[in-house]
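Trainee: Compute the structure for the input listed below.
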Amino acid sequence: MNLSTAVLDTGIITLYLSSKPPLAISELIKNITEQKIYAITLPIVFSEAFKHICVKKGKDYAKSTLLSFQMEVPVKIVDMDMILAYDAGRLKCQYRETLSYIDCALIALTISHKNILHTTEKELSVIPGLQLKQYTF
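Mentor: Numbers count the residues shown, from 1 in each chain. Model prediction:
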């Protein structure tokens, strides 16, 4: 059976870990947990999620919540190689006014693996080869 692969951005993880996660994001995480969808992301996404949670609820809460998430939800952490780093840099150069480095790295990962980026970003540019699933909240 071929599973679709979801590349998760920071917003998906932080909203899922919020007190009232949007239903669509809860359903996505349920499908990942039940292994109906395969999920990947980059380590830097957890750094950004830690920062957002830490600002709202403190560093101990951020650490324990993210550790629990990693133990309960099977998300593969993908390391950046130099090709992915260059592709992310090219995207940052091209979309420097609108995309963060993390967005560029996730987009490069998504395009290179022909996956779907699951994101909460509201205004992503049309980028050739990028497949998106956007979540609103």
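
Trainee: At which residues are the helices of this protein located?
Mentor: Counting by DSSP state H, the chain has helices at residues 10-16, 23-33, 43-57, 59-72, 82-94, 101-113.

Trainee: what angle separates the last one from helix 82-94?
Mentor: In other words, helix 101-113. Angle of helix 101-113 versus helix 82-94, following axes from the mean of the first three to the mean of the last three CA atoms, to 10 degrees, is 120 degrees.

Trainee: what does helix 101-113 contact?
Mentor: 5, 7, 9-10, 40-42, 44-45, 48, 78, 80, 83-85, 87-92, 95, 99, 115-117, 119, 121, 124, 127, 129-131 (CB atoms under 8 Å, 6 or more residues apart in numbering). Where you see a C-beta, it was placed from the backbone N, CA and C, and this is true even at glycine.

Trainee: now the residues you listed: which count as buried?
Mentor: Neighbour-count burial (16 or more other CB atoms under 10 Å) is assigned, among these, to 7, 9-10, 40-42, 45, 48, 80, 84, 87-88, 91-92, 95, 99, 115-117, 119, 121, 124, 127, 130.

Trainee: And the helices of the chain: which comes nearest residue 137?
Mentor: helix 10-16 (6.0 Å; CB to CB).

Trainee: Tabulate the helices of the chain (CSV), appending mean pLDDT and distance to residue 137.
Mentor: Formatted as CSV, those follow (pLDDT from 0 to 100; distance: least, CB to CB, whole Å):
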stretch, mean pLDDT, distance to residue 137
helix 10-16, 97, 6
helix 23-33, 97, 8
helix 43-57, 97, 14
helix 59-72, 97, 18
helix 82-94, 97, 25
helix 101-113, 96, 17
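
Trainee: Quick one: residues in contact with stretch 77-85.
Mentor: With CB under 8 Å, 6+ apart, stretch 77-85 has contacts from 40-43, 46, 88, 105, 108-109, 112.

Trainee: Need the pLDDT of residue 2.
Mentor: Per-residue confidence (pLDDT) for residue 2: 60.

Trainee: which one of the helices of the chain is the most hemmed in?
Mentor: Counting by mean count of other CB atoms under 10 Å, helix 10-16 has the highest mean neighbour count of the helices of the chain, with a mean of 23.
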